[in-house]
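Engineer: Can you look at this prediction? I've put the sequence above it.
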Amino acid sequence: MKTFFYQLFVILLSIFSFYYTNQVVQFLKEQDVLMKEIKATESKYAIEAVNAKIEENTIRPGKKGKTIDYEKTYYYMKNYGTYNESLTVLKDTVPTISIMDHYDKYVVGGNTTHKWISFVFVLRKDSHLDSIIHILTKKNVEATFFVDGVYLEKYASLIQKMDPYEFELLSYQGEYKEAIFKTSISYLESLTNHSVKYCYVEEENSKVLDLCMKLKLYTIKPTLILKNDIYQGVRDQIRNSSIISFEVNSQVERELSIVIDYIQEKGYEIVSLDHLLSE
């Protein structure tokens, strides 16, 4: 018993000594003129993080901020021998309210300070797909395809060939039964070697939202849903960080090229859905 208490005493003493030593080192570091000089430049580099914007049951991503990484900056400058602003190291600060923590909201677009646009395509049948892919490839435009589970089973080999386009699960023949949905997700992931991240709705649907929240998927509710007269729709309604949804059909096939040209001429960058929603 005495041996046990002695060993416990030694362990506790070691932990305390380590903690105390660290505290002393940190205190001395904070008193160093170099550290004070580094901290005096904080306002020059600090960018405050912006919280995700939540309105009722919808969400848009916020933005990460920046601050000085004092430990790394101090380390590099101390080794250098004096203060040198070029050795300042920055690190990200995350928003208090982040889209990463909210699977319970409809994602309706990106952060509106960015002049970005994302394309998503609803894919239920094979017709017109080749032409649309050709246009996207020729214009070097990224896009996300939401594919129905029945289509997925029928055209698995086609989907495997469509890298680097991102594929997400739309539904299974219009249904959202958890067991079938999860099976279809697993199958899609095995085909593409990418994790499924998103669900898709055009109108609020609590059944879809609840299922996708349970599976830790973000539910996309596009900013614009265009099936016909897509050029007119884009011209009249395009806004910063819109998610534009197209149905794969003959109208989209005819107008997609001029829509892309118009969007880019207006100074928008067409980016992936992941990029649009990143903080």
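Structural biologist: On my side now, so go ahead. Residues are numbered from 1 along each chain as shown.

Engineer: who's in contact with the residue nearest to I99 when sequence neighbours are not counted?
Structural biologist: Leaving aside its chain neighbours, I99 sits nearest to P61 (4.2 Å; criterion: C-beta to C-beta, 6 or more residues apart in numbering). Bear in mind the C-beta positions are built from the backbone N, C-alpha and C, glycine included. P61 is in contact with A52, S98, I99, G110, N111, L277, S278, E279, counting by C-beta atoms under 8 Å, 6 or more residues apart in numbering.

Engineer: can you check Y200 too?
Structural biologist: By C-beta under 8 Å, 6+ apart, the contact list for Y200 reads V120, V122, F146, E168, L170, T219, I220, P222, S245.

Engineer: And V252, by the same measure?
Structural biologist: For V252, the set of contacting residues under the criterion of C-beta under 8 Å, 6+ apart consists of F121, H128, I132, L226, K227, I230, F246.

Engineer: among those residues, which ones are buried?
Structural biologist: Buried subset of the contacts of V252 (neighbour count, 16 or more other C-beta atoms under 10 Å): F121, H128, I132, L226, I230, F246.

Engineer: As a markdown table, those with pLDDT would be great.
Structural biologist: Below are these laid out as a markdown table (pLDDT from 0 to 100):
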| residue | pLDDT |
| --- | --- |
| F121 | 95 |
| H128 | 84 |
| I132 | 91 |
| L226 | 92 |
| I230 | 92 |
| F246 | 95 |
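
Engineer: Please enumerate the strands of the stretch 51-200 of the chain.
Structural biologist: In the stretch 51-200 of the chain, the segments counted as strands under DSSP state E, counting those that start in this stretch are 53-55, 58-60, 65-68, 90-93, 106-107, 116-123, 144-147, 166-169, 198-200.

Engineer: now those strands as a markdown table including distance to Y187?
Structural biologist: Formatted as a markdown table, these follow (distance: least, C-beta to C-beta, whole Å):
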| stretch | distance to Y187 |
| --- | --- |
| strand 53-55 | 33 |
| strand 58-60 | 29 |
| strand 65-68 | 40 |
| strand 90-93 | 35 |
| strand 106-107 | 24 |
| strand 116-123 | 15 |
| strand 144-147 | 11 |
| strand 166-169 | 9 |
| strand 198-200 | 16 |
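
Engineer: can you tell which of the ones you listed is closest to Y262?
Structural biologist: Between Y262 and these, the shortest separation by C-beta to C-beta is 10.8 Å, and it involves strand 116-123.

Engineer: From the contact counts, what lies against the closest one?
Structural biologist: In terms of contacts (3 or more C-beta pairs under 8 Å, 6 or more residues apart in numbering; DSSP states H and E), strand 116-123 is packed against helix 129-139, strand 144-147, strand 242-247, strand 269-270, helix 273-277.
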